[in-house]
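Everything below, folded, please.
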Amino acid sequence: MEGLLWDTVKRLTDIADTEGMPLHTLALQWVCNRPGITSTIVGARNRAQLDSNLRSLDFVMRADLMNRLDEATNELRTALGPSFDYYEDTSNDRTK
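Reported below is the predicted structural model:
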């Protein structure tokens with residue numbers, strides 16, 4: 001499982017690099033653009049990190065980018081099994 005996790009992180013990092021943004025920015029954008037997300041908890045150690053996190057909220061993610069991210073994580077999500085994903089609303093709950 002650990003190898004699959006790192007392979008997924010590598011795919012996400014490659015997508016972030018292609019899009020010209022840090023991985024944390026891409027991740028925040030992805031989560032905040034998911035249907036059903038009403039809040040997101042982010043951490044910041046200093047003002048610069050907080051400002052960077054807030055700037056990521058100005059982005060509206062393209063559908064093709066959402067699809068690439070979903071595809072890049074699908075194998076890992078499948079391997080994790082039918083658990084409720086933190087970024088999905090209850091209508092998409094895979095535990096039912």
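
secondary structure class for the residue most central in space within the chain?
Nearest to the geometric centre of the chain sits residue 27, at 3.8 Å (C-alpha atoms, centre = their mean). Counting by DSSP: H, G, I helix; E, B strand; the rest coil, the backbone at residue 27 sits in helix.

quick one: low-confidence ranges for the protein?
Scanning the chain for pLDDT under 70 picks out the ranges 1, 82-96.

quick one, helices of it?
Here the chain has its helices, by DSSP state H, at 2-19, 23-32, 47-55, 63-80.

Contacts for stretch 52-66 next, please.
For stretch 52-66, contacts defined as C-beta atoms under 8 Å, 6 or more residues apart in numbering pick out 15, 19, 22, 24-25, 28-30, 32-33, 42, 44. (Glycine included, C-beta is placed from N, CA and C.)

same thing but at 6 Å, please
25, 28-29, 33, 42, 44 (C-beta atoms under 6 Å, 6 or more residues apart in numbering).

Find the nearest non-adjacent residue to the residue nearest to the centre of the chain, please.
residue 12 (7.4 Å; C-beta to C-beta, 6 or more residues apart in numbering).
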